[in-house]
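Chemist: Sequence isn't available, so here's the structure alone:
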Ligand SMILES: O=C[C@H](O)[C@H](O)[C@H](O)COP(=O)(O)O
């Protein structure tokens with residue numbers, strides 16, 4: 001496969017050299033090359049030939065002598081094949097953020113086995129995993145799967161795909177959960193909940209033996225809150241301002257600003273559980289995350305927060321250079 005690509009590439013560039021570059025340079029009589037017409041022609045041919053060789057050497061480095069780039073690309077190619085996209089013919093393929101999400105999601109579904117009880121996450125990344133599980137069920141490659149959804153949205157998606165659903169009451173132990181995240185720190189701690197589903201996600205993912213988190217590389221941070229984006233906290237609607245002020249004061253030293261999340265119409269965003277979300281924006285690190293977590297949960301109006309500490313057992317990161325799989 002790899003050598004076929006190489007020869008295709010070599011042949012294409014040879015044609016390119018013969019049909020386009022050489023006559024093109026010849027007709028315009030490029031003045032960048034010194035000397036009379038014969039010596040110019042010779043220079044141009046040499047230039048084209050060296051350009052051709054340069055292409056071949058570059059491509060060889062990427063394919064025949066694969067250091068990091070080639071390994072990464074072969075991984076991406078494998079994943080692209082798995083998701084039924086055309087495999088890249090050259091390293092010039094540009095992957096969108098959604099492609100990366102899909103690659104991570106499809107990789108995670110490789111962990112799924114027939115007969116499993118699955119936690120189905122809620123995110124633009126997890127959506128691809130749920131789609132894939134539905135597809136494998138339809139093809140008969142997976143059987144006897146029971147899904148526990150982490151939101152009403154995922155529930156609707158799973159039902160539309162024919163994935164049998166249950167709940168934690170009937171299945172208190174989940175084999176595997178797959179979900180996205182908003183931030184991942186180097187210890188595989190997560191921020192979740194920018195989609196508003198953090199409470200059900202924490203319940204389901206807290207009940208699973210394995211939690212595979214799937215992200216594109218933009219989600220990697222040095223410390224939680226480090227993206228400068230929201231750290232969501234689910235609060236009861238009753239006197240939410242009082243609770244938001246308590247949260248802001250709690251993390252005053254980290255430069256915390258607490259804001260109620262609104263929907264598109266400017267009304268408070270309401271979660272699947274009928275609660276509000278207060279988003280915390282931090283300027284500095286929170287310090288000990290377990291202490292921060294306990295302190296938030298001690299505030300009476302707080303239902304749950306979006307820090308998922310020591311919960312992910314595996315994090316699959318899809319990036320431009322390939323997939324990396326981090327395990328606890
Ligand atoms: O409430 C939403 C969830 O926690 C998501 O997992 C998280 O927001 C990541 O979502 P996405 O994969 O769409 O970036």
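Modeler: Perfect, I can see it now. Nothing here was measured: the structure is a model prediction, and the numbers come from that model.

Chemist: Assign residue 181 to helix, strand or coil.
Modeler: On the three-state scheme (DSSP: H, G, I helix; E, B strand; the rest coil), residue 181 is labelled coil.

Chemist: Phi, psi for it please.
Modeler: Here is the backbone geometry of residue 181 (degrees, to the nearest 10): phi -150, psi 160.

Chemist: Could you tell me which residues of the chain lie near the ligand?
Modeler: 121-125, 179-182, 192-198, 201 (C-beta under 6 Å from any ligand atom). Just so you know, the C-beta spots here come from the backbone N, C-alpha and C atoms, and that holds for glycine as well.

Chemist: at 5 Å instead, please
Modeler: Residues of the chain lying near the ligand by C-beta under 5 Å from any ligand atom: 123-125, 180, 182, 192-195, 197.

Chemist: All the strands of the stretch 151-300 of the chain, residue numbers only.
Modeler: 174-179, 183-184, 190-191, 208-216, 231-235, 257-260, 276-281 (DSSP state E, counting those that start in this stretch).

Chemist: Which strands or helices does the longest one pack on?
Modeler: The criterion is 3 or more C-beta pairs under 8 Å, 6 or more residues apart in numbering; DSSP states H and E, and the helices and strands that strand 208-216 contacts are helix 97-109, strand 174-179, strand 314-319.

Chemist: what sits against the spatially closest residue to residue 191 that is not a sequence neighbour?
Modeler: Distance criterion C-beta to C-beta, 6 or more residues apart in numbering; nearest residue to residue 191, sequence neighbours excluded, is residue 183 at 3.9 Å. Counting by C-beta atoms under 8 Å, 6 or more residues apart in numbering, residue 183 touches 190-191, 219-221, 224-227, 229.

Chemist: Among these, name the buried ones.
Modeler: Neighbour-count burial (16 or more other C-beta atoms under 10 Å) applied to these gives 190-191, 219-221, 224-225, 227.

Chemist: Among those, pick out the one closest to residue 247, please.
Modeler: Nearest to residue 247, judged by C-beta to C-beta, of those is residue 225 at 12.8 Å.

Chemist: so how far is the ligand from that closest one?
Modeler: 14 Å (C-beta to the nearest ligand atom, to the nearest Å).

Chemist: same question, residue 220
Modeler: Distance, residue 220 to the ligand, using C-beta to the nearest ligand atom: 13 Å.

Chemist: who does that residue bridge with?
Modeler: Per DSSP bridges, the residues bridged to residue 220 are residue 184.

Chemist: returning to that earlier point: could you dump the contacts of residue 183 to a markdown table with pLDDT?
Modeler: Converted to a markdown table, the contacts of residue 183 look like this (pLDDT from 0 to 100):
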| residue | pLDDT |
| --- | --- |
| 190 | 98 |
| 191 | 98 |
| 219 | 97 |
| 220 | 98 |
| 221 | 98 |
| 224 | 98 |
| 225 | 96 |
| 226 | 95 |
| 227 | 97 |
| 229 | 97 |
